[in-house]
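Engineer: Got a predicted structure here, sequence first:
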Amino acid sequence: MSAQHIRILYIDDEVHNLNAFKASFRRIYTVLTAESAEEAYKLLEENEFHIIISDQRMPKLTGIEFFESILEKYPEPIRILLTGYADINAVIDAINKGQVYKYFSKPWNEDELKHNIEKAYEVYALRKENRELTEKLLDVNEKLEFLLRQKLIS
């Protein structure tokens, strides 16, 4: 898959951050942005994303709370947290509660973030491939069990 097909959702209540992110990455990836968790929920219902990047400090829900709230319905996208504040408890919560893949400080380093988006997509693709292989293996296993039962009956 080409980088352009990597679909990213970026959530941040600061519009200038959304614009800066779009300006940096829209030519490389498919980027959709949301100013709030409510907007992000709508975009998640309408689109499939490989990577979700969220600011930590937002008015109604923190980035961690947002990730935690979507975990059951949208477990596949890789989650990345951005924050302007170095809060070790937020980092720990991000990893434990929101299953965050990476944590970055603002302002982000464009090359570092790009590199980690590529790595996050590799993780996404490998997880998807593992799920598909597991499903095939279970299907083959069922067929083998069926054939074995047929052989034992006859």
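Structural biologist: Good, I have the coordinates.
Engineer: give me phi/psi at His50?
Structural biologist: With angles defined as degrees, to the nearest 10, His50 sits at phi -90, psi -40.
Engineer: how deep is it tucked in, by neighbour count?
Structural biologist: His50 has 22 neighbours, counted by other CB atoms under 10 Å. Every residue, glycine included, has its C-beta placed from N, CA and C.
Engineer: Now for the residue lying closest to it once chain neighbours are set aside, how many residues are close by?
Structural biologist: Leaving aside its sequence neighbours, His50 sits nearest to Tyr124 (CB to CB, 6 or more residues apart in numbering; 4.8 Å). Per other CB under 10 Å, the neighbour tally for Tyr124 reads 19.
Engineer: A helix includes Tyr124, no?
Structural biologist: Yes. Under DSSP: H, G, I helix; E, B strand; the rest coil, Tyr124 falls within a helix.
Engineer: Doesn't Glu76 lie inside a helix?
Structural biologist: No. Under three-state DSSP, Glu76 falls outside any helix and is assigned coil.
Engineer: any low-confidence regions in this structure?
Structural biologist: For the chain, the stretches with pLDDT under 70 are 1-4, 85-98.
Engineer: can you give me the helices in it?
Structural biologist: 15-25, 37-46, 63-70, 88-96, 110-153 (DSSP state H).
Engineer: What residues of stretch 5-15 count as buried?
Structural biologist: 6-12 (16 or more other CB atoms under 10 Å).
Engineer: Quick check: the residue nearest to His50 touching Glu76?
Structural biologist: Yes. Contact criterion CB atoms under 8 Å: Tyr124 and Glu76 qualify, at 6.9 Å.
Engineer: ok, now which ones touch the residue nearest to His50?
Structural biologist: Contact partners of Tyr124, counting by CB atoms under 8 Å, 6 or more residues apart in numbering, are 50-51, 76-78.
Engineer: what about Phe49, how many residues close to it?
Structural biologist: 21.
Engineer: ok, now the one 4 residues further on?
Structural biologist: For Ile53, the neighbour count with other CB under 10 Å is 28.
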